[in-house]
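Colleague: sequence? don't have it. structure:
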Ligand code: SPV
Ligand code: MG
């Protein structure tokens, strides 16, 4: 197999036009780096863009802002692009086998790193069909991810942000949400990324937990921290992030008040509220039956959901019903009956909660839930049954996983340790090793300098 360097002097003669040139691309926003690649392709023949679908991208990195259809329309309007076909996975081989291109064009940045293996597979597949690989030099002065983040920040209107959760649910097997309780923790949920087995992993959005929002304010998690104060926290997070937000709405409050909460959250661009089917003085679910907690009737709670749904001003906002039957030891059948009723009442999602260490009861619920004729996205919060993996949750049919309190819970012991260390030593020197370097903190927040 010959790997060719692109020739600057190749022109698109009539002879070339009948040659098929395949160029895979993800593109969210087209930049000159993409155009360079397309121009190289145009010199060789008729360009077919293999446009990565939202699902394909979602498995490897952040879902693009523009939908597949929107991206397709943009690509189709580029001069010299003959056709745009879906590239349904990051594996280019199936499309190579199907389309049998004469040329396959890809920036030379994939020679090392995570795509190296894919490059070898492409070379082999091209060999089999007699195709050639062309590798124009990667355009160095442009970074798609930096550009994307900048653009996301500019166009991140409440409407754009709100829609993102439904979008993610459509394209990802599991939406991964992390707790945030202020602007800084919002930034952590927004920016933390790792690369594992060639896949960039990050959180898809933020959970505005009542437990951590209250605890950060040194208040009990009993609905004392009111909506005005919660909105203040939400606003801090909105200000420093672009990802979708799910708000823990506790019981949703008095039914007559609930529409005001829904509309306030919609105005802020929050994607969803989760309300739990409890009444009276709400206590944190993880106390279980150790404290007095009263479950709402199916009728009342269904009514609250319906009232909330009717009061929405957008179609995008989601009201997710949280079932406390397992927490309150009412059993699986009660949980299932409620799930059916809440879906009938208009709930856009169901959250099943448990405080057991063993995921058994949640998995039992999921198994029965999967048989429902009418289903909505399913949410799990594995705070106590934390050995369960994301893959296992996907297999059980869970659509959203919420890591509900982990940033606050991990920060707290770290802060105690530092405080005790200073007391023990009568100075701060020994505590330095537990602290982020001053420089890092100074530069942590964009715009500090
Ligand atoms: C929260 O994070 O506030 C929750 C989840 O409601 S739990 O603490 O498990 O009840
Ligand atoms: Mg809560």
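Modeller: Received it, and whenever you're ready, just let me know what you need. Predicted model only: the values in this text are computed from it and were never measured. Numbers count the residues shown, from 1 in each chain. Ligands and ions are numbered 1, 2, ... in the order given.
Colleague: what residues does this protein put near ligand 2?
Modeller: 210, 211, 248 (CB under 5 Å from the ion). From N, CA and C alone the C-beta is placed, and that goes for glycine too.
Colleague: Nearest residue to the second one in space, please, no chain neighbours.
Modeller: For residue 211, ignoring the flanking residues on the chain, the nearest one in space by CB to CB, 6 or more residues apart in numbering is residue 221 at 4.6 Å.
Colleague: What is the neighbour count of that neighbour?
Modeller: 21 (other CB atoms under 10 Å).
Colleague: Please identify which helix or strand holds it.
Modeller: Using DSSP states H and E, residue 221 sits in no helix or strand.
Colleague: Which of the three states applies to residue 206?
Modeller: strand (DSSP: H, G, I helix; E, B strand; the rest coil).
Colleague: Quick check: bridge partners of it?
Modeller: Applying DSSP bridges to residue 206 gives these bridge partners: residue 178, residue 245.
Colleague: Surely it and residue 234 touch.
Modeller: No - contact criterion CB atoms under 8 Å: residue 206 and residue 234 do not qualify, at 9.2 Å.
Colleague: More neighbours: those two, which one.
Modeller: residue 206 (29 against 23).
Colleague: While we're on the more buried one, how confident is the model there?
Modeller: pLDDT, residue 206: 98.
Colleague: how about it, what does it touch?
Modeller: Each residue near residue 206 by CB atoms under 8 Å, 6 or more residues apart in numbering is listed here: 177-180, 186, 189-190, 237, 241, 243-246.
Colleague: filter those residues down to the ones close to ligand 1.
Modeller: Among those, no residue lies close to ligand 1 (CB under 6 Å from any ligand atom).
Colleague: In helices, which of the residues of the chain next to ligand 2 fall?
Modeller: 210, 211 (DSSP state H).
Colleague: As JSON lines, the residues of the chain next to ligand 2 with distance to residue 446 would be great.
Modeller: Below are the residues of the chain next to ligand 2 laid out as JSON lines (distance: CB to CB, whole Å):
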{"residue": "210", "distance to residue 446": "29"}
{"residue": "211", "distance to residue 446": "29"}
{"residue": "248", "distance to residue 446": "27"}
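Colleague: Can you tell me which of the residues of the chain next to ligand 2 comes closest to ligand 2?
Modeller: Compare each of the residues of the chain next to ligand 2 with ligand 2 using CB to the ion and the shortest gap goes to residue 210, at 3.3 Å.
Colleague: Run a quick neighbour tally on the closest residue to residue 382 other than its chain neighbours.
Modeller: Among residues not flanking residue 382 along the chain, residue 388 sits closest, at 5.1 Å (CB to CB, 6+ apart). Burial of residue 388 is recorded as 17 neighbouring residues (other CB under 10 Å).
Colleague: Could you check the pLDDT of residue 388?
Modeller: 98.
Colleague: and residue 383, which of the three is it?
Modeller: Applying three-state DSSP: residue 383 is coil.
Colleague: Roughly how far does it sit from residue 354?
Modeller: Note on residue 383: its distance to residue 354, by CB to CB, to the nearest Å, is 9 Å.
Colleague: swap in residue 378?
Modeller: Taking CB to CB, one finds residue 378 at 13 Å from residue 354.
Colleague: For those two, indicate the residue with more neighbours.
Modeller: residue 354 (27 against 23).
Colleague: who touches that one in this structure?
Modeller: With CB under 8 Å, 6+ apart, residue 354 has these contacts: 326, 327, 361, 362, 384, 385.
Colleague: Doesn't it lie inside a strand?
Modeller: No - checked against three-state DSSP, residue 354 lies outside a strand; its state is coil.
Colleague: taking the mean pLDDT, what do you get for the strand or helix carrying residue 98?
Modeller: Assigned by DSSP H and E, residue 98 falls within helix 93-99. Averaged over helix 93-99, pLDDT sits at 96.
Colleague: what sits up against it?
Modeller: 20, 22, 24, 48, 50, 85, 87-88, 104, 121-122, 125-126, 128-129, 131.
Colleague: and stretch 59-71, how far apart are its ends?
Modeller: Length of stretch 59-71, first residue to last, CA to CA, to the nearest Å: 18 Å.
Colleague: Could you list the buried residues of it?
Modeller: With burial defined by 16 or more other CB atoms under 10 Å, the residues of stretch 59-71 counted as buried are 60, 61, 62, 63, 64, 65, 68, 71.
Colleague: on that earlier part again, what's the following helix or strand after the helix holding residue 98?
Modeller: Taking DSSP H and E, what comes next after helix 93-99 is strand 103-105.
Colleague: In the stretch 301-449 of the chain, which residue sits nearest ligand 1?
Modeller: residue 404 (3.9 Å; CB to the nearest ligand atom).
Colleague: where does that residue fall, phi/psi-wise?
Modeller: phi -80, psi -20 (degrees, to the nearest 10).
Colleague: quick one: it and residue 207 touch, right?
Modeller: Yes - counting by CB under 8 Å, residue 404 touches residue 207, with 5.8 Å between them.
Colleague: Spit out the residues that contact the two alike.
Modeller: 179, 248.
Colleague: higher neighbour count, these two?
Modeller: Each of residue 404 and residue 207 had its neighbours counted (other CB under 10 Å), and the higher figure belongs to residue 207 (26 against 23).
Colleague: returning to what we had before: is the residue nearest to residue 382 part of a helix or strand, or is it coil?
Modeller: Once three-state DSSP is applied, residue 388 turns out coil.
Colleague: Name all residues that make contact with it.
Modeller: With CB under 8 Å, 6+ apart, residue 388 has these contacts: 359, 362, 382.
Colleague: for the stretch 251-400 of the chain, what spans make up the strands?
Modeller: Counting by DSSP state E, counting those that start in this stretch, the stretch 251-400 of the chain has strands at residues 272-276, 278-279, 294-295, 318-323, 349-352, 378-380, 400-403.
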